[in-house]
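Asks: sequence and computational prediction follow.
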Amino acid sequence: MWLTQPFFGNMLVRMVAALRNEEVSRVFRAIADILEIKGESRFRINAYRRAAQAIDNLPDHLEDRVRENRLLTIPGIGKDLAAKITELVTTGKLAYFQTLQSEIPMSLVQLMDIPGIGPRIAQLLYEEYQISGIDELERLARAQQLRRLPGIKKKTEENILRGIELFRGGLARRPLGRVLPVALRLVDYLREYAFLDRVSLAGSIRRNRDTVKDVDILGVSADPDRTAEAFTSLPEVAETLGSGQTRISVRLHFGLQVDLRLVKNDTFGAALCYFTGSKEHNVRLRELAIKKGFKLNEYGLFRQDERLAGGSEHDVYQALGLPFIPPELRENRGEIEAALTGDLPRLVTREDLKGDLHVHSVFSDGHDDLEQIARQAKELGLEWVGICDHSASLRIAGGLSVERLLQKLRAIREFNDRSPDVKLLCGAEVDIDRHGNLDYPDEVLAKLDLVVAAVHTVFKLDQSHMTSRIVRALQNPYVHILAHPTGRLLGEREPYLVDVPVIIKEAARHAKCLEINGSARRLDLNDVNCKAAKDSGVMLSIGSDAHRVEQMQDLFLGLSVARRGWLEARNVLNTMSYGELTRYLKGSSMQADQPH
DNA sequence: GCCGTTTTCGGCCCGACTGTTTTCAGTCG
């Protein structure tokens, strides 16, 4: 990440502007890295890393917290770090960080992003060769100059070269929606053909993180050798990276690494917990175990040598005095505290979802007609679908003229008259222009069942203009939902500059829904913002944004974000029956008809 | 550098693997 984003250059340009949360957390992570190279106390290093993580999990702006003197309520932020945050946020720089940078250049710190290079080797490289970049490192490794350093021999040098190759090949995280179908297929195959008594996904993919780096699978094998054979001979496998009795690693043809770990049956639960993570959640669990006089590791929960639990995750949590915590919540964002006080949310489930609020049809740029969409909905167990085609100005996506929109309205009314089980709502994904105006006049919006507003153009506005543009759209009485509120495309496009806490506040004020766009490319809102919206009393809607019926599956990717955002059924518009939904939507439009 | 049912000092999560070692440090998850 360091090498691809000229982040600190940008920071200098905006010297005096208030730093955003992620900029502050990046500075703290960089400080931790530098301290590590300098060989400082690992506890002090860890304090910076924990603080960075806590900042990443914040739903609101550090800038506001500085102003309102609310920094010390953030876990892991004490007096010293609060002062550093204040300095960063108010001046755009941090004297302490500048001093550190004069001792250890960032170019060296960045080398630690290469697998196999940690603080020790980074320090050596700096002291002996003053290496400043990856190219220089590669040149020296190829010239077999690294092995002259103390503690480095041929093997380590080769590892570093391999690490450089991996790094260049992209350590990028991939969107969940691209990886999950492959991973589920692998698990199905393994369950059937690989001599496994038990098998489960683990790691970030089991927690349904929006992006994943590699796939972890955990299994109990009746015959590890034959399991390894079955796994490594899959047609999807391009290369076997390693194969032992407990761990088999492969790389698939499209570059994804998959690790299969084999454990004993009576440790499966503890191992599943351990390998599911997150790391931060596990650390908290182990701390809890220690407080109770126990020890927790991947083999079980122990009191001295006595195993108290380990066969199932439920047993492990129970023995720690906790209810089962769903994998999606295991991020150390308050789930342990909530579990201790009995305040875990009852997460919305697939069965709770009655419909999809954002599907494109053949009327605009969608591939399928109303019948096909309804048939697919029925297959997915849904009762209703909101058909939201693009509005007039979005010509590139076949945006509908008013005339054509009214045609569509009639077609949907006729369809509903003859469709007993799946009902369609006539909606539109209405473009918000650069000033916050909507693409159809109010009297046209008033005829629709469902109005979803969205930004599709002019992404490069500054934050205050982008925010007021969207706020203006939210103030339109006929708008029900704001679609993909931040506009991010995973791995392709950063969110546009929008003040999400302000959007959430305005959505709450005007009783508008915010969308969780389930498209594999988007997942927008994200989990953290989703929870902030819930906490502000905002209703969330989930939309697949499908342009072909197969993509309606993406509704369930959206569901995974909802679950990671702590949403319960009552927070999600999709859990309403058709009758409830139409009353709800009409209710807000009725309000719109009142003078205001 | 943070934190407190182990409260203002003395703790701070755990283990595997690898490579370089002869008892262990570095890296990773």
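Replies: Yep, it's here.

Asks: of all residues in chain A, which one is nearest the centre?
Replies: A:Asp210 (3.2 Å; CA atoms, centre = their mean).

Asks: who touches that residue in this structure?
Replies: Neighbouring residues of A:Asp210 by CB atoms under 8 Å, 6 or more residues apart in numbering: A:175-176, A:490, A:523, A:526-527, A:561. All C-beta atoms are positioned from the backbone trio N, CA, C, and that covers glycine.

Asks: got the domain ranges for chain A?
Replies: Using automatic domain parsing, the domain ranges for chain A come out as A:7-167, A:176-262, A:267-340, A:350-593.

Asks: between these, which gets nearest to DNA strand B?
Replies: domain A:7-167 (2.3 Å; CB to the nearest atom of the strand).

Asks: what is the longest strand of chain A by residue count?
Replies: strand A:423-431 (DSSP state E).

Asks: ranges for the strands of the stretch 451-596 of chain A?
Replies: Counting by DSSP state E, counting those that start in this stretch, one finds strands in the stretch 451-596 of chain A at the ranges A:481-482, A:513-517, A:540-543.

Asks: in a markdown table: those, plus mean pLDDT, mean neighbour count and distance to DNA strand B.
Replies: Formatted as a markdown table, these follow (pLDDT from 0 to 100; neighbours: other CB atoms under 10 Å; distance: least, CB to the nearest atom of the strand, whole Å):
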| stretch | mean pLDDT | mean neighbour count | distance to DNA strand B |
| --- | --- | --- | --- |
| strand A:481-482 | 97 | 26 | 35 |
| strand A:513-517 | 97 | 28 | 28 |
| strand A:540-543 | 98 | 28 | 30 |
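
Asks: rewinding a little: just give me the least confident of the contacts of A:Asp210.
Replies: Taken together, the contacts of A:Asp210 show their lowest pLDDT at A:Leu490, with 85.

Asks: surely it is in contact with A:Arg522?
Replies: Yes: look at A:Leu490 against A:Arg522 with CB atoms under 8 Å: they come within range, at 6.9 Å.

Asks: which one's more surrounded, those two?
Replies: Neighbours were counted for A:Leu490 and for A:Arg522 using other CB atoms under 10 Å; A:Arg522 has more, 29 against 20.

Asks: in what helix or strand does A:Ala141 lie?
Replies: helix A:134-142 (DSSP states H and E).

Asks: ugh, wrong one, A:Phe254
Replies: Using DSSP H and E, A:Phe254 sits in no helix or strand.

Asks: mind checking how far it is from A:Arg174?
Replies: 9 Å (CB to CB, to the nearest Å).

Asks: neighbour-wise, which of these two wins?
Replies: Legend: neighbour count by other CB under 10 Å for A:Phe254 and A:Arg174, higher for A:Arg174 (20 against 11).

Asks: quick one: neighbours of the closest residue to A:Arg469 other than its chain neighbours, just the number.
Replies: Once flanking residues are discounted, A:Arg469 sits nearest to A:Gly436: 4.2 Å by CB to CB, 6 or more residues apart in numbering. A:Gly436 has 20 neighbours, counted by other CB under 10 Å.

Asks: next up, the contacts around A:Gly436.
Replies: A:468-473.

Asks: who wins on neighbours among those?
Replies: So for the contacts of A:Gly436 (other CB under 10 Å), the most neighbours sit at A:Ile470, 28 neighbours.

Asks: need the contact list for that one.
Replies: A:432, A:436, A:455, A:482, A:485, A:498, A:503 are the contacts of A:Ile470 under CB under 8 Å, 6+ apart.

Asks: cutoff 10 Å now
Replies: Contact analysis of A:Ile470 by CB atoms under 10 Å, 6 or more residues apart in numbering lists A:432, A:436, A:453-455, A:461, A:482, A:485-487, A:496, A:498-500, A:502-503, A:506-507.
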